[in-house]
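>>> coordinates for the following, if possible.
(one chain, ligands or ions: 1)
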Amino acid sequence: MTTAIAHPNIALIKYWGKAPGPLNIPASPSLSITLDQLTTTTSVTTQSHDRFVLNGMEADDPKVAAWLTNLRTHLDIPGLSIETTNNFPTGAGLASSASGFAALITAINAHCKLGLDATACSSLARQGSGSAARSLFGGFVELRAPEWCATPLFDAAHWPLSVIIAVTDTGRKAISSSVGMERSRTTSPYYPAWITQTGVLFDEAREAIRLRNFSVLTRLSERSTLDMHALMLSSQPPLLYWNGVSVALMHRITALRESGVPVFFTIDAGPQIKAVCLPEAMDVVESALREVDGVRQLVRTKLGSGARVVND
Ligand code: 2P0
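Model (predicted):
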């Protein structure tokens, strides 16, 4: 049995939309931070036919099945029993598919002695889930043309940001990211503008991170989040991933910042709010978010490392 762990990542510059073709190539670059506290643990063993167990329950995951079928067209992978566990809500906008595919390719690579490096694993993880490419690496990570495998930009020590995740709903999201992205690409009149604009934000955000300029990163990252959600809202039928508590939290974080606290929000395809702050602001941010009615859970995390094998 081989066990690997990986952490979810949160994009500060978002990916939403795919290029045409079968390889799950994003239509625009993205830039993320890998988290420490949230973990997917995946164990694989060889057996005659595939079996997939998610959080202790036998599951039928068509995305994983299709991904394995594709891998086997060019890699020697036997039947596998896969057991995977998340220490956080699955499919609720907390990037469980990112850590899931990153942990899975890392475990398969070691178990089947494929000899792939992290870059090759990142490409294969991307074919399962675009954001998973980024979870192969720790710290600040980019995913961009032309290779579309992720590259580590800076490690966590470069700028030890902190994140507080406010969970507002632990249910699975109604519309998957893949379906939502395709809907936005095919129906939103703003899609071409989104693709152009996100490339500009990406270049500026790389520089802001290099310079550790928190106020510039705040502006760029909140803009990427709100541009993406504007695109989602302008899709037909509209994609509204927020609930009322998400909106209340955005107002609270904005008010905190206006009072001088270094914090900004970022939101993915779900109702959870992630508050990114400088480490010294963590306690004051956590207390403020705890006061917002409807927050179900707060998770504090620092930046973490990439996917790795923990036993072999
Ligand atoms: C991101 N998200 O950059 C964006 C922001 C959610 C919002 O990538 O279709 O599970 O499997 O490639 O990676 C979530 O979508 O989508 C995602 P697929 P994925 O993190």
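
>>> spell out which parts of this structure neighbour the ligand.
Residues of the chain lying close to the ligand by CB under 6 Å from any ligand atom are 11, 14-16, 24, 30, 97, 129-131, 177-178, 181, 268-269. Heads up, the C-betas are built off the backbone N, CA and C, glycines and all.

>>> closest one of the residues you listed to Ala145?
For the residues of the chain next to the ligand, the residue nearest Ala145 by CB to CB is Ser30; the value is 11.3 Å.

>>> ok, now which ones touch Tyr191?
Neighbouring residues of Tyr191 by CB atoms under 8 Å, 6 or more residues apart in numbering: Gly17, Ser184, Arg185, Leu231.

>>> what secondary structure does the last one sit in?
Think Leu231. helix (DSSP: H, G, I helix; E, B strand; the rest coil).

>>> burial measure for the closest residue to it other than its chain neighbours, as a count.
Leaving out its chain neighbours, the residue that sits closest to Leu231 by CB to CB, 6 or more residues apart in numbering is Trp194, at 4.8 Å. Residues within reach of Trp194, counting by other CB atoms under 10 Å, total 24.

>>> can you offset everything so residue one is 842?
Shifting the count to begin at 842 puts that one at Trp1035.

>>> where does the stretch 1042-1153 of the chain have low pLDDT?
Residue ranges of the stretch 1042-1153 of the chain with pLDDT under 70: none are present.

>>> what of the stretch 892-1041 of the chain?
The stretch 892-1041 of the chain contains residues with pLDDT under 70 at 932-934.

>>> tell me where it has helices.
In the stretch 892-1041 of the chain, helices defined by DSSP state H, counting those that start in this stretch lie at 903-912, 937-952, 959-969, 1018-1028, 1032-1051, listed in chain order.

>>> can you redo those helices as CSV with distance to Val1086?
Shown next, in CSV, are those (distance: least, CB to CB, whole Å):
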stretch, distance to Val1086
helix 903-912, 29
helix 937-952, 20
helix 959-969, 31
helix 1018-1028, 20
helix 1032-1051, 26
